[in-house]
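Peer 1: Could you look at this predicted model? Sequence included:
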Amino acid sequence: MNKILDKIVQNNIENITLGKKASYIPALANVPDGIGIAVRDSHGVYTSGDAERMFTFQSMSKIVLLMLALKDNGFDYVFNHVGLEPSGDSFNAISNLDFNQAIKPYNPFINAGAILTTSMIKGETYDEKLKKIIDLSSCIFGRSNITFNDEVYVSERESANRNRALAYLLKEKELLTGNVEEILDLYFRACSLEVNCIDLANLGHFLAFNKDACGVKGDHLRIIKTLMLTCGMYDYSGEFAVRIGLPSKSGVSGGIVSCAPRRMGIGVFSPRLDEKGNSILGVRMMEELNKELELNIFR
Ligand code: DON
């Protein structure tokens, strides 16, 4: 496995400057170039390249936010408020919310849906809710030293006009209840949680087996994987499913978490993105790994 991962990194490293880093959150534009991959299977963890380099969780945190929303509220409540359908639209689109009716966000992996699932995390105080995000991440990653990137957090909080617009629209539609600014803050915190490829491989492995663990029900993992396949790569989800066929979730920091059901978890990272917000080399590495190991669930 190590040889395969090294080969994949070597095949792609010369294109490390292809594409653009996310710049709508100013602090993300400053991260150095890099490339990393990690795989976790029942035998252990395998890595190559910058697999230990920390980057921010960004939209991959939407998986943890959905786990907590489902755990605290159950399937019916969550999906009475947020849909189960791909949007075919960009991740921060207002899309179906800007009509004069209370239509729910398409799915929990677009920003509107994730802000809503964040609002469903129960707790007496902000700190109690944040602790739930930290504790679940810690249990899944198998480490207790969870940290946040404050520069990215502040940068996003100060530039989040569109997310703020989405949240207030959800409040106006009475889909979202509670303090909007506090909910947004919790969402920005989750996005700024620091992870590396090994953490992502552990998250993918956690998702792979539909087993009750860390207080999350196995059946919820099945639902989350299905949504990752249909909605996890935003408006590239359909093509990614055809080319690679694995439930995956990307983030604008350049990470992708992926899962080969009943086999392994995968984490890839490279900060430069395509126009849809997915890591260019991340997608290429996933394509190569898929071919090497025949992971596609539809093969
Ligand atoms: O809501 C945002 O804008 C970000 N913090 C997360 C977006 C993200 O990672 C979208 N990914 N492809």
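Peer 2: Sure thing, it's come through.

Peer 1: can you tell me the helix or strand for the residue of the stretch 101-250 of the chain found nearest the ligand?
Peer 2: Taking Cβ to the nearest ligand atom, the ligand has its nearest neighbour within the stretch 101-250 of the chain at residue 191, 3.6 Å off. Using the backbone N, CA and C atoms, a C-beta is placed for each residue, glycine as well. Take DSSP states H and E as the rule and residue 191 turns out to sit in helix 180-192.

Peer 1: got the buried residues for that helix?
Peer 2: 180, 183, 184, 185, 186, 187, 188, 189, 190, 191, 192 (16 or more other Cβ atoms under 10 Å).

Peer 1: Tell me if I'm right that the second one and residue 170 touch.
Peer 2: To tie it back to what came earlier, the one meant is residue 183. No - using Cβ atoms under 8 Å, residue 183 makes no contact with residue 170, being 9.1 Å away.

Peer 1: what's the overlap in contacts for those two?
Peer 2: Residues touching both residue 183 and residue 170 (Cβ atoms under 8 Å, 6 or more residues apart in numbering): 115, 119, 176.

Peer 1: Now the last one: closest residue in space that isn't a chain neighbour?
Peer 2: Leaving aside its sequence neighbours, residue 176 sits nearest to residue 170 (Cβ to Cβ, 6 or more residues apart in numbering; 3.8 Å).

Peer 1: Who are the contact partners of residue 263?
Peer 2: Residues near residue 263 by Cβ under 8 Å, 6+ apart: 41, 208, 295.

Peer 1: CSV please, covering those residues and showing distance to residue 148 and pLDDT.
Peer 2: CSV is the format used below for those (distance: Cβ to Cβ, whole Å; pLDDT from 0 to 100):
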residue, distance to residue 148, pLDDT
41, 29, 97
208, 27, 97
295, 32, 97
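
Peer 1: Of the shared contacts of residue 183 and residue 170, which belong to strands?
Peer 2: For the shared contacts of residue 183 and residue 170, not one is inside strands, with DSSP state E as the criterion.

Peer 1: Nearest spatial neighbour of the residue of the stretch 101-250 of the chain closest to the ligand, chain-adjacent residues omitted?
Peer 2: Closest to residue 191 by Cβ to Cβ, 6+ apart is residue 58, at 5.0 Å.

Peer 1: Where does pLDDT dip in the stretch 151-299 of the chain?
Peer 2: Of all residues in the stretch 151-299 of the chain, none has pLDDT under 70.

Peer 1: Up against the ligand, what does it have?
Peer 2: Counting by Cβ under 6 Å from any ligand atom, the residues of the stretch 151-299 of the chain close to the ligand are 156, 163, 191, 234, 250, 251, 252, 277.

Peer 1: Next step: the residues you listed restricted to helices.
Peer 2: 156, 163, 191 (DSSP state H).

Peer 1: which one among the residues you listed gets closest to residue 77?
Peer 2: Of all these, residue 77 sits closest to residue 163, with 22.8 Å by Cβ to Cβ.

Peer 1: Might you report the residue contacts of the closest one?
Peer 2: 92, 111, 115, 184, 187.

Peer 1: Dump those to TSV, plus distance to residue 73.
Peer 2: Putting these into TSV (distance: Cβ to Cβ, whole Å) gives the following:
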residue	distance to residue 73
92	24
111	20
115	15
184	19
187	17
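
Peer 1: Of the contacts of residue 263 - the most surrounded one?
Peer 2: residue 208 (23 neighbours; other Cβ atoms under 10 Å).

Peer 1: Which secondary structure state is assigned to the closest residue to that residue other than its chain neighbours?
Peer 2: Leaving aside its chain neighbours, residue 208 sits nearest to residue 259 (5.0 Å; criterion: Cβ to Cβ, 6+ apart). Put simply, residue 259 is strand when judged by DSSP: H, G, I helix; E, B strand; the rest coil.

Peer 1: beta partners of residue 259?
Peer 2: Applying DSSP bridges to residue 259 gives these bridge partners: residue 265.

Peer 1: could you list every residue that touches it?
Peer 2: If you count contacts by Cβ under 8 Å, 6+ apart, then residue 259 has 204, 205, 207, 208, 225, 228, 246, 247, 248, 265, 266 around it.

Peer 1: could you dump those residues to JSON lines with distance to residue 35 and secondary structure?
Peer 2: What follows is those, written out as JSON lines (distance: Cβ to Cβ, whole Å; DSSP: H, G, I helix; E, B strand; the rest coil):
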{"residue": "204", "distance to residue 35": "18", "secondary structure": "helix"}
{"residue": "205", "distance to residue 35": "21", "secondary structure": "helix"}
{"residue": "207", "distance to residue 35": "23", "secondary structure": "helix"}
{"residue": "208", "distance to residue 35": "24", "secondary structure": "helix"}
{"residue": "225", "distance to residue 35": "26", "secondary structure": "helix"}
{"residue": "228", "distance to residue 35": "22", "secondary structure": "helix"}
{"residue": "246", "distance to residue 35": "19", "secondary structure": "coil"}
{"residue": "247", "distance to residue 35": "22", "secondary structure": "coil"}
{"residue": "248", "distance to residue 35": "17", "secondary structure": "strand"}
{"residue": "265", "distance to residue 35": "19", "secondary structure": "strand"}
{"residue": "266", "distance to residue 35": "14", "secondary structure": "strand"}
